[in-house]
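Visitor: The sequence isn't on hand, but the structure is:
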């Protein structure tokens, strides 16, 4: 399996470290010009005037924690072709923090104002410039090699099927930990959005982004039948992933490490492979005719692989 190199991880974390350094240097430089509490939440319907405040210590802890968390997340999951995204994210987040500090500079009796048009424009410009720099730095990272195939098709398990025999296999699998985390994220999101001051309110948006797809994919149903391989949420009809029989080159069983091989849990996209990964351990791995792989962690994966190979062989593809 391909994994991010130390150089790629360092380049992905670097822009967040730079953004944090600039942010803290400006905070220290302007510290004497700030009011006793920083304006961190602004009303979009009242000319952008401040309507929420946060103490300097809490603000520094929250902003620093957010940048470090983003750095860790990108360093863990980044791929070579996505390096620009890490830099763009750091540029946008750092640009917002700098504009927030700028809005707080002045006399304590002045009204702090955040201009969405101008300030978001500055942040987007910073994201574009940083993203271009990240794209240029991609040349410093070696090309990723295609993932090795699971071996000759003859070695893959097969289930003997008589002519005209109909067979199917289905199994539900899930992660209690991911379910609990998704429920907590969704439960906390509305309270954070309504009660927290900016930038803490961003955590509420993050809760929705994590909680909705996280809950949908925390438990899935894996089916092998005459249609091929289907993986869908066990709670709702969508999202769904299907690999039709005419796209199957071979199916095999492999032990995967969720973090090392796929960079985490849930629906994962990596160079030359995708997967629905709910845990580490046994996984059904399907090699497509295009050379890409699709993996899903599920118990009794060997039976699923044997049936899928047999059905694909009958279909004339293996």
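Guide: Arrived safely. The structure displayed is predicted, hence computed values, not measured ones. Numbering: from 1, shown residues only.
Visitor: For the helix ranked longest in the chain, name the packing helices and strands.
Guide: Longest helix in the chain by number of residues (criterion: DSSP state H): helix 6-30. If you count contacts as 3 or more CB pairs under 8 Å, 6 or more residues apart in numbering; DSSP states H and E, helix 6-30 packs onto helix 56-77, helix 83-104, helix 116-137. Any C-beta I mention is one placed from the backbone N, CA and C, and that applies to glycine too.
Visitor: Follow the chain on from the last one and name the next helix or strand.
Guide: Right, the one you point to is helix 116-137. Moving toward the C-terminus from helix 116-137, the next helix or strand (DSSP states H and E) is strand 169-174.
Visitor: tell me the phi and psi of residue 54?
Guide: Taking degrees, to the nearest 10, you get phi -140, psi 140 for the backbone angles of residue 54.
Visitor: bridging residues for it?
Guide: Note on residue 54: beta-bridge partners by DSSP bridges are residue 38.
Visitor: I'd say it and residue 36 touch.
Guide: No. With contact defined as CB atoms under 8 Å, residue 54 does not reach residue 36; the gap is 11.1 Å.
Visitor: Tell me which of these two has more neighbours.
Guide: Legend: neighbour count by other CB atoms under 10 Å for residue 54 and residue 36, higher for residue 54 (21 against 8).
Visitor: Give me the neighbour count for residue 7.
Guide: Using other CB under 10 Å, residue 7 has 12 other residues around it.
Visitor: ignore the last one, residue 181
Guide: Using other CB under 10 Å, residue 181 has 17 neighbouring residues.
Visitor: for residue 77, same thing?
Guide: Residue 77 has 19 neighbouring residues, counting by other CB under 10 Å.
Visitor: And it, how close does it get to residue 11?
Guide: According to CB to CB, to the nearest Å, residue 77 stands 14 Å off from residue 11.
Visitor: likewise residue 62?
Guide: Separation of residue 62 from residue 11 (CB to CB): 26 Å.
Visitor: and these two? which has more neighbours close in?
Guide: Remark: of residue 62 and residue 11, residue 11 carries more neighbours, 23 against 19, as counted by other CB under 10 Å.
Visitor: Quick check, pLDDT for the residue nearest to the more buried one when sequence neighbours are not counted.
Guide: Of all residues not flanking residue 11 in the chain, residue 137 sits nearest, at 5.6 Å (CB to CB, 6 or more residues apart in numbering). For residue 137, the model assigns a pLDDT of 90.
Visitor: these two touch, right, residue 137 and residue 8?
Guide: No. Counting by CB under 8 Å, residue 137 sits too far from residue 8 to count as a contact (9.7 Å).
Visitor: quick one: which helix or strand includes the nearest residue to residue 242 once chain neighbours are set aside?
Guide: Once flanking residues are discounted, residue 242 sits nearest to residue 230: 4.8 Å by CB to CB, 6+ apart. Using DSSP H and E, the element containing residue 230 is strand 228-233.
Visitor: Mutual contacts of residue 137 and residue 8, please.
Guide: Residues touching both residue 137 and residue 8 (CB atoms under 8 Å, 6 or more residues apart in numbering) are residue 83.
Visitor: quick one: which of the two has more around it?
Guide: Neighbours per residue (other CB under 10 Å) separate residue 137 from residue 8, with residue 8 holding more: 23 against 19.
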